[in-house]
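>>> sequence plus the predicted model coming up.
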Amino acid sequence: MTDTTELWTVIIALGLGSFGLRFAFLGLVGDRAMPEWLLRHLRYTAVAVIPALVAPLVLWPTVTGGEPDATRLAAAAATFAVGYLTKNVFAAMGVGATVLVSLSLLL
Amino acid sequence: MAAGTAMSSYWRGVRDGLPFLAVVGPFAMLFGVLATEAGLAVHETMGFSIVVIAGAAQFTALQLLNENAPTLVVIASALAVNLRMAMYSASITPHLGPLPLWKRGIAAYFLVDQTYAQSVLDYERNPDQTTSEKFAYFLGVMSPICPPWYLFTFIGAVLGERIPPSLGLDFALPIAFLAMIGPMLRTPAHRIAALVSVILALAFAWLPFNMGLLVAGLGGMIAGAQAETRLGIKP
């Protein structure tokens, strides 16, 4: 598909860029105090980004060409419900994976 | 600072990170298999996982390389997927910021969705930890996640076999993330932030270069912060 030079250009640029993004605040800000309004927003980083990352993948999976899929919707609902009710990440993953695999094999 | 407390923090982190192995393993293997099928050699596939160490961005890059997209578009799109890492970096800085620069460099390299989410969850649950204990915990969480990321990429690349799509391996990533969301919804402000971000993500999914993710992330953060202030919620 791609020549070696282009591939390694992508890999190295992505590596440097990703490290830059990860190091941006941690490396440059260090232990200087950050303003309260910024911290208030940062408290919600994970809870804002991860659902946004997941929602389109759940509703429009790439594997089905973007068509909603009953198996994946059911697995997603089960995973979220167990995680929300038990606060246990492992239980949620286990139930979600079980629903996904068993429905995939049944349907 | 007794070395003993750092060691116990490390092992507590290993224990808490271990469940993620169940999803990181299949996901890394899937990347290895798909990369090999896309024509990458084993060492090139490993280069991806070791240098970039970011699942969603690697899959994005692989997809676009396969479509023969221009190099710049490949890099820009995959980095856009990874922009959330800058938010993670900012979010974890109050906890790990006092560390020496080289340790912050190590933490930055290993700052992925799972290590970030699990560590911040623990720092908020147990706020009395020292910085050394927090760093040890972070390395503990990382241990069953990042080295297996390399290992299972390698296994996937070497096997290079077609994994039947009916087994739903493509859905390992959403399952992992969904499992993390439930325990995060601790206060009404967190629930509002998540709800707003989902609505925005779906509404702006049409934006190119994954910009919808950024719009939704920022919108959700603002919604959470606003809810906290207006409803007088204790963080």
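Received the coordinates, thanks. For clarity, every value in this text was computed on a predicted model and none was experimentally measured.

>>> how does chain A divide into domains?
Here the domain parsing of chain A from automatic domain parsing is A:1-32, A:33-106.

>>> now the helix or strand of chain A with the lowest mean pLDDT: buried residues?
Ranking every helix and strand in chain A by mean pLDDT, DSSP states H and E puts helix A:36-42 at the bottom, with a mean of 83. Residues A:39-42 are the ones in helix A:36-42 that count as buried (16 or more other C-beta atoms under 10 Å in any protein chain shown). For glycine as for every other residue, the C-beta is placed from the backbone atoms N, C-alpha and C.

>>> got phi/psi on A:Lys87?
When read as degrees, to the nearest 10, the backbone of A:Lys87 gives phi 60, psi 20.

>>> pLDDT wise, what is it at?
Looking at A:Lys87, its pLDDT is 90.

>>> just B:Ala225 next, same as before
95.

>>> got the contact list for it?
B:Ala225 makes contacts with A:37, A:40-41, A:43-44, B:189, as judged by C-beta atoms under 8 Å, 6 or more residues apart in numbering or on different chains.

>>> B:Leu69 and chain A, how far apart?
Check again: residue B:69 is Ala, not Leu. To chain A, B:Ala69 is 10 Å away according to C-beta to the nearest C-beta, to the nearest Å.

>>> and the helices in chain A?
A:4-28, A:36-42, A:45-59, A:70-86, A:89-106 (DSSP state H).

>>> please apply the same query to chain B.
Counting by DSSP H, the helices of chain B are B:3-17, B:21-37, B:42-47, B:55-66, B:71-81, B:84-96, B:101-109, B:113-125, B:131-142, B:146-159, B:172-184, B:188-203, B:211-231.

>>> could I get these as CSV with distance to A:Thr5?
Putting the helices of chain B into CSV (distance: least, C-beta to C-beta, whole Å) gives the following:
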stretch, distance to A:Thr5
helix B:3-17, 37
helix B:21-37, 17
helix B:42-47, 12
helix B:55-66, 13
helix B:71-81, 9
helix B:84-96, 26
helix B:101-109, 25
helix B:113-125, 30
helix B:131-142, 32
helix B:146-159, 20
helix B:172-184, 30
helix B:188-203, 35
helix B:211-231, 29
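
>>> out of those helices, which gets nearest to A:Val89?
Nearest to A:Val89, of all those, is helix B:172-184, at 4.9 Å by C-beta to C-beta.

>>> low-scoring stretches of chain A, by residue?
For chain A, the stretches with pLDDT under 70 are A:1-2.

>>> one more time with 80, if that's ok
A:1-2, A:29-34, A:39, A:42, A:46, A:62-63, A:89-90, A:107 (pLDDT under 80).

>>> quick one: B:Val81 from A:Leu53, how far?
8 Å (C-beta to C-beta, to the nearest Å).

>>> now B:Phe138
According to C-beta to C-beta, B:Phe138 and A:Leu53 sit 21 Å apart.

>>> who has more neighbours out of the two?
B:Phe138 (30 against 22; other C-beta atoms under 10 Å in any protein chain shown).

>>> which residues touch residue 49?
I went with chain A, as the question did not name one. Contacts of A:Val49 (C-beta under 8 Å, 6+ apart): B:84, B:87, B:197, B:213, B:216-217, B:220.

>>> my bad, chain B
B:28, B:31-32, B:58, B:149-150, B:153.

>>> nearest to chain A, of those?
Using C-beta to the nearest C-beta, B:Gln58 comes nearest to chain A of these, at 8.0 Å.

>>> hmm, B:Met46 and that closest one touching each other?
No: using C-beta atoms under 8 Å as the test, B:Gln58 is too far from B:Met46 to be in contact (11.5 Å).

>>> so the two - more neighbours on which side?
Using other C-beta under 10 Å as the criterion, B:Gln58 and B:Met46 rank with B:Gln58 on top: 28 against 17.

>>> list the contacts for the nearest residue to B:Leu200 once chain neighbours are set aside?
Excluding the flanking residues, the one nearest B:Leu200 by C-beta to C-beta, 6 or more residues apart in numbering or on different chains is B:Ala216, at 3.8 Å. Residues near B:Ala216 by C-beta under 8 Å, 6+ apart: A:48-49, A:52, A:55, B:196-201, B:204.
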